[in-house]
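Trainee: Fold the following.
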Amino acid sequence: MSRSRKKHSFTTFCGGSNKVDKQIANRKFRRRTKSALSNENYDEVPMNMKEVSDTWDFTTDGLAYYCPEDEDSTFMRK
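Mentor: Now for the predicted structure:
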């Protein structure tokens, strides 16, 4: 495994990881779904995550493609 490399040259910039933001978004989604179902408000049940949270508010700026030939190869390490 010492010679293992990433298969895809995508990386995140500005912030690290979206893990905490995704956890918060899923909690919010489950909470709103449960409360709408318990109150029998079937019209207010969210159908997907985009109705509950905005991905523009997450920590990172998203994934970015980089060319490994032009950049340093440190991004390609696991």
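Trainee: domain ranges for the chain?
Mentor: Split into domains by automatic domain parsing, the chain comes to 1-15+61-78, 17-59.
Trainee: for the protein, what spans make up the strands?
Mentor: 10-12, 63-65 (DSSP state E).
Trainee: Next, count neighbours for residue 9.
Mentor: Residues near residue 9, counting by other Cβ atoms under 10 Å, number 16. Yep, even glycine has a C-beta here, placed from its N, CA and C like the rest.
Trainee: Quick check, pLDDT for it.
Mentor: At residue 9, the pLDDT value in this model is 70.
Trainee: Next: residue 58.
Mentor: 83.
Trainee: Surely it is in contact with residue 21?
Mentor: Yes. Assessed by Cβ atoms under 8 Å, residue 58 is found in contact with residue 21 at 4.3 Å.
Trainee: Check the domains of the chain for me: which has the lowest mean pLDDT.
Mentor: Here those differ in mean pLDDT, and the lowest is domain 1-15+61-78 at a mean of 64.
Trainee: what about the residue nearest to residue 45 when sequence neighbours are not counted, distance to residue 53?
Mentor: Closest residue in space to residue 45, ignoring its immediate chain neighbours: residue 36 at 4.6 Å, by Cβ to Cβ, 6 or more residues apart in numbering. According to Cβ to Cβ, to the nearest Å, residue 36 stands 16 Å off from residue 53.
Trainee: can you check residue 7 too?
Mentor: For residue 7, the distance to residue 53 - Cβ to Cβ - is 29 Å.
Trainee: higher neighbour count, the two?
Mentor: Taking other Cβ under 10 Å, residue 7 and residue 53 do not tie; residue 53 has more neighbours (18 against 8).
Trainee: State the distance from the more buried one to residue 29.
Mentor: Residue 53 is 7 Å from residue 29, by Cβ to Cβ.
Trainee: Check residue 10 too.
Mentor: From residue 10 to residue 29 the distance is 25 Å (Cβ to Cβ).
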